[in-house]
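In: Let's see this in three dimensions:
(chains A and B)
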2 protein chains.
Amino acid sequence: MNSGYFKNTSNCSAFLCLILISVLTYSCRATKGKEQANLITIRQQGSFAVGGSVIKNAGTFDPIKRTPAGQSYHGDHAYVNFQIPDKARKLPLVFWHGIGQFSKTWESTPDGRDGFQNIFLKRKFSVYLIDQPRRGNAGRSTVSATINPTPDEQQWFNIFRVGVWPNYYPGVQFAKDEETLNQYFRQITPNIGDFDNRVITDAASALFTKIGQGILVTHSHSGGFGWETAIKNANIMAIVSYEPGSGFIFPEGEMPKPIASSAGELTAATMPMQDFMKLTKIPIIIYYGDNIPAKQIAEPGADGWRARLEMARLWRDVVNKHGGDVTVVHLPEIGIKGNTHFPFSDLNNIQIADLMSAFLKQKGLD
Amino acid sequence: MNSGYFKNTSNCSAFLCLILISVLTYSCRATKGKEQANLITIRQQGSFAVGGSVIKNAGTFDPIKRTPAGQSYHGDHAYVNFQIPDKARKLPLVFWHGIGQFSKTWESTPDGRDGFQNIFLKRKFSVYLIDQPRRGNAGRSTVSATINPTPDEQQWFNIFRVGVWPNYYPGVQFAKDEETLNQYFRQITPNIGDFDNRVITDAASALFTKIGQGILVTHSHSGGFGWETAIKNANIMAIVSYEPGSGFIFPEGEMPKPIASSAGELTAATMPMQDFMKLTKIPIIIYYGDNIPAKQIAEPGADGWRARLEMARLWRDVVNKHGGDVTVVHLPEIGIKGNTHFPFSDLNNIQIADLMSAFLKQKGLD
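Out: The predicted structure is shown next:
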């Protein structure tokens, strides 16, 4: 074989070779692409406590007698579980549960589908899940608590707008099998001691100090805590809030009147103008689901949300009047029907996630 | 170009082509190999409640008055978080925390390294983490509880054999910076209501009924619960137990005398022979760490473990006498020094994991 011969044939064989190489490279890429669709590739995952305080008893610890003298007690921290996917986007998502709930809110759904944790990991966001102080895995509370097993689940079924017990709302985005409801009710876990706004928002703020800039995603009770945390910490670059329940912060002198509802009177919160103004510096989007009455009804579960939606709109107007960027989306008004108080775990949660993705894209935060 | 010409050159160019293809294939594999070492590729992850019971109040639920009448309360379940890696091994590992602890035991360590969750995911095991009933994220208890913030951490520091407060044991496998200790203490979370062996082991057994065959990994308090669960459920194919604390089950009539210690008297548990015999059907390995005294000392934290190690050896002998396969490994005896009560999160936890991997391989369970 001479070099000329080799040269003469190389064009042809190189062509065949290229085809083979292309097929191989493609199949290599195709496998990766397919894997990316179905798999979650994690670069780092773990958990930690953040925030909290320490009680220290006077005296010297006696290792033999072991009385409380000279001993310490670390409590009131948040517990945070995080996953950072391979090739993660710049800003992480920090997910914060609502009342009576814990990180499970964002994990796989009661009927076993992907929740927002998995959906947004697959969309290449780093995901942090909070258990707020005195809840779930952050159960070490610095205050005493007595917890009684008082049956209350039919009340939550109504407040969470799955239906009016024992009936489901027509077209509700919630699987109606028995095991789903069993899992849904077992997502409840008690608060160990009273709510303490300062303790709770300090811990959440400490998280953003630790991890840096990120996007806060709140639900229900954490909605109000979220506004307060954003005032404390400028690392919160945006807030996505699902059905915030209370704690809408107005500037002093601009508070609206309380809103009457069958669930009680809903009052606004207030702060000095200089604190309030921090809420005008970041984009905020708020979503409410379906089956919220337009006018007062006797059933307090749903009626409470009528008052909260109304308050959210008043709040939007005041924040935006001062230069803010708040959007309130009432999902049925854009044609998305049947959502409960937990849109992110409802049957249409991919559609709900798509709305959130579109918001982040629009604001240049993805 | 004729076919003969093409044929003549094809041998040579095919050879070159093969080299190129080999290089490409190798680089494709090499990338994957590198990724496998650093990344965790998850096929499925989620969480669920398992086991538990339901309290149902008599009467009919009134959606307006919302009294407890006619309402339900789901409680006493375990909460389970799971991850199934791509190309997972056949048998999953089920990790169960000890007293005062929750799933965190197995997650990233107090000083932020990989814990057994990540280490064994990287070794391609599916991993299930339990929060036992009335603990952590499984806080919905069917019994009332009063929880007080009583300082007790110096006591746990000693019981967990990090040292004798405020001194660390020389050579202890525990990072001595302040933040590590802060994280370590914040891993404690209260029990919400009394321990109920039946409730706890029923929930763990229900997990193995749900997921099928697997390997149970217990720690401390869950050691005893683990033996009981294995008697209830034949899907437990092996047990790896780190420093089991109590509840060693002997057959009726073969109980050893209580063992005296400065931490109190350690008594054995007992069951009928037919139940006990189930523990002789599976391989069991037990590990204890360092700084356990050979003879009674006044400091009860360490001395309690002297009694427990002695009881574990008595139990091993009885189970093996009846045809069982129990091994007790006192780590310092095989030259592994400095381990605390949490060997799986100690500084040498890769070495500790290697021992577990070797055991599973030896028993044909990996």
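In: switch to C-alpha atoms for all contacts and neighbour counts from now on
Out: Will do.
In: Could you check which residue of the stretch 151-300 of chain A lies nearest chain B?
Out: As assessed by CA to the nearest CA, chain B sits closest to A:P151 within the stretch 151-300 of chain A, at 4.5 Å.
In: Pop out the phi and psi values for A:I119.
Out: Dihedral angles of A:I119 (phi, psi; degrees, to the nearest 10) stand at phi -60, psi -50.
In: State the pLDDT value of A:N38.
Out: Note for A:N38: predicted pLDDT of 82.
In: do A:E333 as well
Out: pLDDT at A:E333 comes out at 98.
In: Secondary structure of it: a helix, I assume?
Out: Yes: under DSSP: H, G, I helix; E, B strand; the rest coil, A:E333 sits within a helix.
In: A:I297 and A:W305 touch, don't they?
Out: No: if you go by CA atoms under 8 Å, A:I297 and A:W305 don't touch, sitting 10.9 Å apart.
In: out of those two, which sits in the busier spot?
Out: A:W305 (27 against 16; other CA atoms under 10 Å in any protein chain shown).
In: residues in the stretch 151-300 of chain A within reach of chain B, list them.
Out: Residues of the stretch 151-300 of chain A lying close to chain B (CA under 8 Å from any CA of the partner chain) are A:151-155, A:158, A:164-165, A:182-183, A:185-190, A:192, A:298-300.
In: Mark which of the residues you listed are buried, thanks.
Out: A:151-155, A:158, A:164-165, A:182-183, A:185-190, A:192, A:299-300 (16 or more other CA atoms under 10 Å in any protein chain shown).
In: Just to be sure, A:V319 is in a helix?
Out: Yes: the assignment for A:V319 (three-state DSSP) places it in a helix.
In: correct me, but it touches A:V326?
Out: Yes: using CA under 8 Å, A:V319 is in contact with A:V326, at 6.9 Å.
In: low pLDDT regions in chain A?
Out: Filtered on pLDDT under 70, chain A yields the residue ranges A:1-37.
In: which residues in it form helices?
Out: Counting by DSSP state H, residue ranges of the helices within chain A are A:3-38, A:116-122, A:153-159, A:178-185, A:197-211, A:221-232, A:273-276, A:300-321, A:349-362.
In: most packed of those helices?
Out: Most buried of the helices of chain A by mean neighbour count (mean count of other CA atoms under 10 Å in any protein chain shown) is helix A:221-232; its value is a mean of 24.
In: Would you mind extracting the C-alpha trace of that helix into PDB?
Out: The C-alpha coordinates for helix A:221-232 follow below in PDB (Å, rounded to 0.1, in the frame of the first residue of the first chain):
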ATOM      1  CA  HIS A 221     -49.300  30.900  55.400                       C
ATOM      2  CA  SER A 222     -45.700  31.400  54.200                       C
ATOM      3  CA  GLY A 223     -47.000  34.100  51.800                       C
ATOM      4  CA  GLY A 224     -47.100  36.700  54.600                       C
ATOM      5  CA  PHE A 225     -43.800  35.400  56.100                       C
ATOM      6  CA  GLY A 226     -42.300  35.700  52.600                       C
ATOM      7  CA  TRP A 227     -43.100  39.400  52.200                       C
ATOM      8  CA  GLU A 228     -41.500  40.000  55.600                       C
ATOM      9  CA  THR A 229     -38.400  37.900  54.700                       C
ATOM     10  CA  ALA A 230     -38.000  39.800  51.500                       C
ATOM     11  CA  ILE A 231     -37.900  43.100  53.500                       C
ATOM     12  CA  LYS A 232     -35.200  41.500  55.700                       C
END
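In: which helices and strands sit right next to it?
Out: helix A:197-211, strand A:236-242, strand A:249-251 (3 or more CA pairs under 8 Å, 6 or more residues apart in numbering or on different chains; DSSP states H and E).
In: how far is it from where the chain is centred?
Out: 12 Å (CA atoms, centre = their mean, to the nearest Å).
In: and for that helix, what are the contacting residues?
Out: A:96-99, A:197, A:200-202, A:204-205, A:216, A:218, A:236, A:239, A:241-249, A:275-276, A:278-279 (CA atoms under 8 Å, 6 or more residues apart in numbering or on different chains).
In: Can you report how many residues neighbour A:E107?
Out: 24.
In: Surely it and A:F116 touch.
Out: Yes: counting by CA under 8 Å, A:E107 does reach A:F116; the two are 6.7 Å apart.
In: partners of the residue nearest the centre of chain A in the sheet?
Out: By CA atoms, centre = their mean, chain A has its centre lying nearest to A:F95, at 3.0 Å. On the basis of DSSP bridges, A:F95 is bridged to A:L129, A:V217.
In: Would you mind measuring from it to chain B?
Out: 16 Å (CA to the nearest CA, to the nearest Å).
In: need the contact list for that residue.
Out: Listed by CA under 8 Å, 6+ apart, the contact set of A:F95 reads A:S103, A:W106, A:V127, A:Y128, A:L129, A:I130, A:L216, A:V217, A:T218.
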